[in-house]
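# quick one, fold the following:
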Amino acid sequence: MSGPDSDDAELVLASARGDAAAFAVLVRRHIRNATILAVQLLGDQDDAEDIVQVAFTIVYERARTFDGRRPFTPWLFAIVRRLAANKRARDARRERLLGIWGGRGGVVQPSESNVHGALDAQHDEETVREALDDLSPMQRACFELVSLRGISTGEAAAMHGISESTVRQHIHRARRALRHALQASGRGANELAPIEQVDEP
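Predicted coordinates for the structure are as follows:
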């Protein structure tokens, strides 16, 4: 019998046999991080939730093909990334067509990261936001996942299909860029402590 204590492979196997309860456990276990990843990729909560719903539908339909010797989350996150990439491509094509025909509209731009939880209230929020905007997309994604959302480096690595060492490298560079931006704005070393004290799991 599969249940809340079952590992992912057991739950996928049970789902392949039509066990709806096992699949529900799998969804509850991973829907938060899958949605966070989709929001990072698409910049819109509603679009992200739609993508994740489709991703779990694919998981359910293809559960019989899952290799139980491999971890589940890289498979799930790869599906999310592929669906998000397809949506971005469709949006880009629609944007080009709208431009040709004089329509208005556009691709939804990435939403601003919520910096309030990890940064001291005395920091200049505008300076931090600008510094975040200057990061590379992957630096910003890794910093947000690990330093702001408390997700482990391993899970962040699985989300984006990169190694844990690469995640840590991106976080290090992001923190350094934020530190330099705050120093340039006249902040002292003590005010930088909240950023430096966000430990990597």
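# any idea which helix is longest in the protein?
Across the chain, the longest stretch assigned as helix under DSSP state H is helix 72-100.
# helices and strands around that helix, which ones?
In terms of contacts (3 or more Cβ pairs under 8 Å, 6 or more residues apart in numbering; DSSP states H and E), helix 72-100 is packed against helix 8-16, helix 20-42, helix 45-61, helix 153-160. Placement of C-beta: from N, CA and C, glycine included.
# residues contacting residue 71?
With contact taken as Cβ atoms under 8 Å, 6 or more residues apart in numbering, residue 71 is in contact with 8, 158.
# could you grab the helix/strand/coil label for residue 68?
Secondary structure state of residue 68, per DSSP: H, G, I helix; E, B strand; the rest coil, is coil.
# isn't it up against residue 9?
Yes - with contacts counted by Cβ atoms under 8 Å, residue 68 reaches residue 9, the gap being 3.9 Å.
# the helices and strands packed on helix 72-100 into TSV, with extra columns for mean pLDDT, distance to residue 134 and mean neighbour count?
Output for those, formatted as TSV (pLDDT from 0 to 100; distance: least, Cβ to Cβ, whole Å; neighbours: other Cβ atoms under 10 Å):
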stretch	mean pLDDT	distance to residue 134	mean neighbour count
helix 8-16	93	37	21
helix 20-42	95	17	20
helix 45-61	94	24	18
helix 153-160	92	20	22
